[in-house]
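J.: Give me the fold of what follows.
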Amino acid sequence: MLHAMIMAGGGGTRFWPRSRTKRPKQFLTFSGDRTLLQSTVDRVSAQIPPEQTWVITGEQYAAETAVQLPELAHDHIIGEPEGRDTAPCVGLGAAIIHKADPDATIAVMPADHVIEPEREFQRALHAAEQFIADAPDKLVTFGIRPTFPSTGYGYIKRGEPAGTRQGVSAFRVAEFKEKPQFPQAEEFVASGAYDWNSGIFVWKPATILNELRVRKPSIHEVVTRIAASWGTSSWPEALHTSYHEAEKKSIDYAVMQGAAADGNVLVLGAPYTWDDVGSWLALERRNPQDADHNTVQALHCGIETSKCVIVGDPGQLIATYGVSNLLIIQNGNAILVADRKHEDKVKEIVDALKKTGRGEYT
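T.: As a prediction, the model looks like this:
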């Protein structure tokens, strides 16, 4: 059976000040009345019922997750005692799901992406499930055809064709590339041989656990030891006393790069549009602009103002004169003003606030 494992532990610091430590991005709404987390569950619900849906989040967010997703069983919400990056998260989730359903296939995805149309995502998910059924020793990821030379995403180089299912083509992964500098990103896009790395995967739990065992045995040992106690009275203690032992490492570094070099990874060309809503400029991509190319979600009075993203709380007036290319974000007790070219550096402000004793604003 197909299970969904949704990673919902990130801090969303590039969306500060709206995304805060107490309520990060995945628990917020950006369009409509459903949060990003709820929308992610909605997206898979046509294929994956609640009893096969799992969320891994920070333990401080477990209660909010349960409120937003009342259809999930309490033991399907896993609260990490601390963030250890995606490799321990993925490994622990795989080990638990393998214990619950040894024949499972897992679709792993972040909680804070926007994907449209949903039916095309569901088609791609079905295709990935078929590829795994035919080759259970493979790892499948979804690649997004780049529309601009982004320096904020990792890239996947496509290799030889590996077949088609449900009208979705697969390729062997030749190489994973980390976030590039702009000139290299331009080369990747111009070549036509690279996809953005969406961070969405499909695999058998036994396969990803074996890859972890081979490539990062220390992480494998910790997560399988913890997962052995899932569903028992010793589970909370095992999780809290041992999870910190897992090396902090991303799944790309821990497994995917090496597995791709060994020919074990397939990338499916995603037939849908995708946005990781990774920074404030994502609002430009998802909302109309005024005649001066401003994206405004606020009570705003602007004169000679252009190419700005302006966001504010209801009833809070933001007035601008003679400015351009700015991010102007007001939320609660904080205001961000930044040059738009530094949109990926907003998280540095969050770090600076914590270092200078003003963590209450983060």
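
J.: And the pLDDT for Gly278?
T.: pLDDT, Gly278: 87.

J.: same deal with Ile115?
T.: According to the prediction, Ile115 has pLDDT 96.

J.: One more: Ser31?
T.: According to the prediction, Ser31 has pLDDT 79.

J.: Can you verify my assumption that it contacts Arg285?
T.: No - contact criterion Cβ atoms under 8 Å: Ser31 and Arg285 do not qualify, at 11.7 Å. For glycine as for every other residue, the C-beta is placed from the backbone atoms N, C-alpha and C.

J.: hey, which helix is longest across the protein?
T.: The longest helix of the chain (DSSP state H) is helix 118-134.

J.: Packing partners of that one?
T.: Packing contacts for helix 118-134, counted by 3 or more Cβ pairs under 8 Å, 6 or more residues apart in numbering; DSSP states H and E, involve helix 36-44, strand 105-110, strand 139-144, strand 155-165, strand 168-177, strand 194-203, strand 265-269.

J.: For Ala227, which of these is the nearest?
T.: Closest approach to Ala227 among those (Cβ to Cβ): strand 105-110, 13.4 Å.

J.: okay, the angle between the closest one and helix 118-134?
T.: Angle between the axes of strand 105-110 and helix 118-134 is 140 degrees (criterion: axes from the mean of the first three to the mean of the last three Cα atoms, to 10 degrees).

J.: Not counting its own residues, what contacts strand 105-110?
T.: With contacts defined as Cβ atoms under 8 Å, 6 or more residues apart in numbering, strand 105-110 is touched by 1-8, 10, 40, 44, 48, 90, 93-94, 97, 125, 128-129, 132-133, 199-205, 208, 276.

J.: for stretch 155-171, same thing?
T.: In contact with stretch 155-171 (Cβ under 8 Å, 6+ apart) are residues 123-124, 126-128, 130-131, 140-141, 143, 146, 172-177, 180, 185, 188, 193-197, 266-269, 271.

J.: Kindly reformat the helices and strands packed on helix 118-134 as TSV containing distance to Ile78, mean pLDDT and mean neighbour count.
T.: As requested, the helices and strands packed on helix 118-134 are arranged in TSV below (distance: least, Cβ to Cβ, whole Å; pLDDT from 0 to 100; neighbours: other Cβ atoms under 10 Å):
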stretch	distance to Ile78	mean pLDDT	mean neighbour count
helix 36-44	14	98	21
strand 105-110	13	99	23
strand 139-144	21	98	25
strand 155-165	28	98	17
strand 168-177	26	97	19
strand 194-203	17	98	23
strand 265-269	25	99	24
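
J.: Could you point out which of those sits nearest Asp351?
T.: Smallest distance to Asp351 across the helices and strands packed on helix 118-134 (Cβ to Cβ): 21.5 Å, for strand 105-110.

J.: partner strands of the closest one, parallel or antiparallel?
T.: If you go by DSSP bridges, strand 105-110 pairs up with strand 2-7 (parallel), strand 194-203 (antiparallel).

J.: any chance of those in JSON lines, plus distance to Thr295?
T.: Output for those, formatted as JSON lines (distance: least, Cβ to Cβ, whole Å):
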{"stretch": "strand 2-7", "distance to Thr295": "28"}
{"stretch": "strand 194-203", "distance to Thr295": "22"}
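
J.: wait, which of these is closest to Lys354?
T.: Ranking those by proximity to Lys354 (Cβ to Cβ) places strand 2-7 first, at 23.0 Å.

J.: now that closest one: mean pLDDT?
T.: 99.

J.: pLDDT at Arg285, what is it?
T.: Arg285 carries a pLDDT value of 88.

J.: quick one: least confident helix or strand in this structure?
T.: Least confident element among the helices and strands of the chain, by mean pLDDT, DSSP states H and E: helix 282-286 (a mean of 90).

J.: Now do the buried residues in that helix.
T.: Buried residues in helix 282-286, counted by 16 or more other Cβ atoms under 10 Å: Ala282, Leu283, Glu284.

J.: pull the CA atoms of that helix into PDB?
T.: The C-alpha trace of helix 282-286 is given here as PDB (Å, rounded to 0.1, in the frame of the first residue of the first chain):
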ATOM      1  CA  ALA A 282       7.100  33.500  -4.200                       C
ATOM      2  CA  LEU A 283       4.100  35.800  -3.700                       C
ATOM      3  CA  GLU A 284       5.000  37.500  -7.000                       C
ATOM      4  CA  ARG A 285       4.800  34.100  -8.800                       C
ATOM      5  CA  ARG A 286       1.400  33.300  -7.200                       C
END
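
J.: next structured bit after it?
T.: Following helix 282-286 in sequence order, the next helix or strand is strand 295-297 (DSSP states H and E).

J.: related to what we said a few turns ago, for Lys345, state which of the buried residues of helix 282-286 is nearest.
T.: Ala282 (15.3 Å).

J.: nearest spatial neighbour of the closest one, skipping sequence neighbours?
T.: Nearest residue to Ala282, sequence neighbours excluded (Cβ to Cβ, 6 or more residues apart in numbering): Asp275, at 5.7 Å.

J.: can you check Gln297 too?
T.: Per Cβ to Cβ, 6+ apart, closest to Gln297 is Val311, 4.7 Å.

J.: Run through the residues that contact the one you found.
T.: Neighbouring residues of Val311 by Cβ under 8 Å, 6+ apart: Arg18, Trp280, Leu283, Val296, Gln297, Ala298, Ile328, Ile329, Gln330, Asn331.

J.: The last one contacts Arg23, correct?
T.: When you say that, I think you mean Asn331. No - the pair Asn331 / Arg23 is not scored as a contact, 10.6 Å apart, by Cβ under 8 Å.
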